[in-house]
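**Student:** My questions concern the predicted model and sequence given below.
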Amino acid sequence: MQEIDLQLDTENELIFKVTVEGTSPADPRCRLVVENSNMSHMFNGEMDRSGEVTVLIPSLEKILREGTYDANLEVIVDDRVFVPLSVNINFEKSMRVTAEAVNRKRRSTVVAKAELITDSNKAERPKPVKIASPQEENTREPAKRKVTKQQTKEQSNDKKKSKLNNMDIKNLSENQIRDLIKRVFLK
């Protein structure tokens, strides 16, 4: 079976050479039938005296999908239908344009800052301070500093208060309870 390629989105013109033989031929009529399992389309053809049949197939872009369809050229003489030619017609779009949206993530901008420090400013620059980790603090010796009498007195009072706050009355002796009551009332 012969195959014909046609464009789906433009008008197509097909020309066939048809010969009708017989004793009393009436005026023949021709048509092209394009069909698949779901539908059939008929396109009338015009026949001239030389036997050429011209069939115009309009744009079928909104009617058919791309693909191959069976087609038969039918010639009708009197009340009889003849099928002198069967072909496969391959409908394709002449041009395809596709578009696709693309989302691009913006890249974060990297910022770098620098500061120039010269040797002439050494005296003005503060000395770097080293911060000790908790393990280093435990192994270091405490720094000696001058402590005033007032600070020593406050520290001892704070220690006593914390001892009193952490005491349980059940574990105190009678004398300790009396001292505690006196302190509360004297304040």
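**Tutor:** Sure, I can see it.
**Student:** can we go C-alpha only for contacts and neighbour counts from here?
**Tutor:** Noted.
**Student:** roughly how far apart are the closest residue in space to residue 14 that isn't next to it in sequence and residue 4?
**Tutor:** Once flanking residues are discounted, residue 14 sits nearest to residue 55: 5.2 Å by CA to CA, 6 or more residues apart in numbering. To residue 4, residue 55 is 14 Å away according to CA to CA, to the nearest Å.
**Student:** mean confidence score for stretch 54-67?
**Tutor:** Mean pLDDT, computed over stretch 54-67, is 91.
**Student:** Apologies, that question was intended for stretch 8-28.
**Tutor:** Rounded mean pLDDT across stretch 8-28 is 84.
**Student:** Mind jotting down where the strands sit in this structure?
**Tutor:** In the chain, strands defined by DSSP state E lie at 2-7, 12-17, 29-35, 40-47, 52-57, 67-77, 80-92, listed in chain order.
**Student:** what helices or strands is the last one leaning on?
**Tutor:** I take that to be strand 80-92. Counting contacts by 3 or more CA pairs under 8 Å, 6 or more residues apart in numbering; DSSP states H and E, strand 80-92 packs against strand 2-7, strand 67-77.
**Student:** one step back: looking at the strands of the chain, which is nearest to residue 171?
**Tutor:** The minimum distance between residue 171 and the strands of the chain falls on strand 67-77, with 100.7 Å, by CA to CA.
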